[in-house]
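Participant: model this:
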Amino acid sequence: MSFDQTFSTVPRHPLSVEEEIAHLERIVPRWSDEGGGSVLGQAYWRKRFVDLACYPELTPTQHATVRRMLECVNTAI
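Facilitator: This is a model prediction of the structure:
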């Protein structure tokens with residue numbers, strides 16, 4: 001199975017969406033603020049955020065958080 005393989009969006013429990021956002025909020029600033037990049041690379045993180053942004057369960061606040069973090073990923077060195 002390829003990393004880039006696309007799966008249909010499966011509804012997630014609101015708690016798992018919240019946990020995913022919390023995880024990304026902890027991880028991404030660590031490398032984007034330091035300019036050191038990530039071992040997984042910018043494309044990996046961008047895909048995680050884009051996939052998360054597609055979940056219909058996101059509240060407007062969650063969606064805004066995901067968009068803000070995606071901008072950090074897009075501007076990371």
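Participant: mind giving me the packing neighbours of the lowest-mean-pLDDT helix or strand in the chain?
Facilitator: When each helix and strand of the chain is scored by mean pLDDT, DSSP states H and E, helix 14-32 comes last, with a mean of 80. Counting contacts by 3 or more Cβ pairs under 8 Å, 6 or more residues apart in numbering; DSSP states H and E, helix 14-32 is packed against helix 42-53, helix 60-75. Glycine gets a C-beta too; all of them are placed from N, C-alpha and C.
Participant: for residue 29, find the nearest of those helices.
Facilitator: Distance to residue 29, taken as Cβ to Cβ, is lowest for helix 60-75 among the helices and strands packed on helix 14-32, at 7.1 Å.
Participant: next, the buried residues of that closest one.
Facilitator: 62, 65, 66, 69, 70, 72, 73 (16 or more other Cβ atoms under 10 Å).
Participant: for the residues you listed, which one is nearest residue 40?
Facilitator: Checking those one by one against residue 40 (Cβ to Cβ), the nearest turns out to be residue 73, at 10.9 Å.
Participant: check the gap between the residue lying closest to that closest one once chain neighbours are set aside and residue 74 for me.
Facilitator: Nearest non-adjacent residue to residue 73, counting by Cβ to Cβ, 6 or more residues apart in numbering: residue 45, 4.7 Å away. Separation of residue 45 from residue 74 (Cβ to Cβ, to the nearest Å): 9 Å.
Participant: just residue 58 next, same as before
Facilitator: Residue 58 is 19 Å from residue 74, by Cβ to Cβ.
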